[in-house]
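# predicted structure and sequence below. I'll ask about it afterward.
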Amino acid sequence: MILLIINTAGEKSYMSLYKENKMIGRKSWLVEVKAGLKLIATIEDLLADSHVAVEDIDRIAVHSGPGLRSSFLRVGVVAASIMSLANGAELVSITGEDEEDLVQQAGNKPAVTAIKIMYRDLGWGKANAEGGKKV
């Protein structure tokens, strides 16, 4: 089984490629405004460097948050979802900070049809009609 893990939740995003539970490639980069373009280019580089075709990927795990910025999370989730739909790879939602735990989740969690992004609670809450007090 070939597994691609995409994590765009932090300041430093990364993706790892595993074949039969052994890492065969990894790329990381600092998040930036053009996160989508960087992600696509990095996927292409990782697959080329690892001699893996996108059609060979069996399972794609993507970090669903919470993360540094929701826009970066969405970029990873959209890319993983499209790759999964286009190639028939299983899609898996993972979350947390420990990379070893993320790898375990990626291999063991059940596949899903869609990813729900978990947003960071900024403590804003809902404002009520009486002057914007948090409720």
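Arrived safely. Numbering: from 1, shown residues only.

# so residue 67 is in which element?
Using DSSP states H and E, residue 67 is not contained in any helix or strand.

# buried residues in stretch 97-112, which are they?
For stretch 97-112, the neighbour count (16 or more other Cβ atoms under 10 Å) marks 102-103, 105-107 as buried. C-betas here are computed from N, CA, C, even on glycine.

# which residues touch it?
With Cβ atoms under 8 Å, 6 or more residues apart in numbering as the test, stretch 97-112 has contacts from 3, 5, 7, 10, 16, 18, 21, 59, 61, 63, 90-96.

# what's the answer for stretch 67-81, then?
With Cβ under 8 Å, 6+ apart as the criterion, stretch 67-81 contacts 4, 6-11, 13, 31, 35-36, 39-40, 43, 60-66, 91, 114-115, 117, 119-120.

# and the contacts of stretch 97-112, which of them are buried?
The buried subset of the contacts of stretch 97-112 - by 16+ other Cβ under 10 Å - is 3, 5, 7, 10, 16, 18, 59, 61, 63, 90-95.

# pick out whichever of those residues sits closest to residue 82.
Within the buried ones among the contacts of stretch 97-112, the smallest distance to residue 82 is 10.1 Å, found for residue 91 (Cβ to Cβ).

# once you drop chain neighbours, what's closest to that closest one?
Distances taken as Cβ to Cβ, 6 or more residues apart in numbering put residue 84 closest to residue 91, at 4.0 Å, once the chain neighbours are dropped.

# so who does the one you found touch?
By Cβ under 8 Å, 6+ apart, the contact list for residue 84 reads 60, 90-91.

# out of the residues you listed, who's nearest residue 25?
Nearest to residue 25 among the contacts of residue 84, counting by Cβ to Cβ, is residue 60 at 14.2 Å.
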